[in-house]
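Trainee: Show me how the following folds:
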Amino acid sequence: GINAEYMGHLLSVYFFSFFSMSTAPCKIDRSHLSGFNYALVKLSDMPDEMRTEAKETVVTAIEKFPDNYEGASKFVKETMDKKFGASWHCVMGEGFGFEITYELKHLMYMFFGGYIAVLVFKAL
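Mentor: Below is the predicted model of the structure:
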């Protein structure tokens, strides 16, 4: 069989090589998404006028805060609060799921740029 000292050496080599990997952020190639420079509403129960306002607000926020989803979400939330009363929420990102309770006729789920998902809703 394999002795314990040899096994310990194998484990230390494995862990060393595993943890010595690069920690540099991955560069994601999104060149194939260049054609998706528009807003695509996937789900909404908002009245047309409210949906248009919300969609334009989201696009403005993403253009104003590129690569800063927190800043863009805050902008959307504050703008929607001013236009339609409190209390709006905005979730923005590249990979998330959701299950929410919201006020009827106050929900929009959309995509922008092919990979940014945005959920805007008014809480109960």
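Trainee: Quick one: residues contacting the most centrally placed residue in the chain.
Mentor: Centroid-nearest residue in the chain: Gly93, 0.6 Å away (criterion: Cα atoms, centre = their mean). Neighbour list for Gly93: 69, 116-117 [criterion: Cβ atoms under 8 Å, 6 or more residues apart in numbering]. Heads up, the C-betas are built off the backbone N, CA and C, glycines and all.
Trainee: Now with 7 Å, please.
Mentor: Counting by Cβ atoms under 7 Å, 6 or more residues apart in numbering, Gly93 makes contact with 69, 117.
Trainee: That one and Ser73, how far apart?
Mentor: Note on Gly93: its distance to Ser73, by Cβ to Cβ, to the nearest Å, is 9 Å.
Trainee: Need the phi and psi values for Phe121.
Mentor: phi -150, psi 160 (degrees, to the nearest 10).
Trainee: Just the pLDDT for the residue lying closest to it once chain neighbours are set aside.
Mentor: Spatial nearest neighbour of Phe121, chain neighbours left out: Tyr102 (4.1 Å); criterion: Cβ to Cβ, 6 or more residues apart in numbering. Predicted confidence (pLDDT) for Tyr102: 95.
Trainee: Please look at Tyr102 and Val120 and confirm they touch.
Mentor: No: Tyr102 lies out of contact with Val120 (Cβ atoms under 7 Å); the separation is 9.7 Å.
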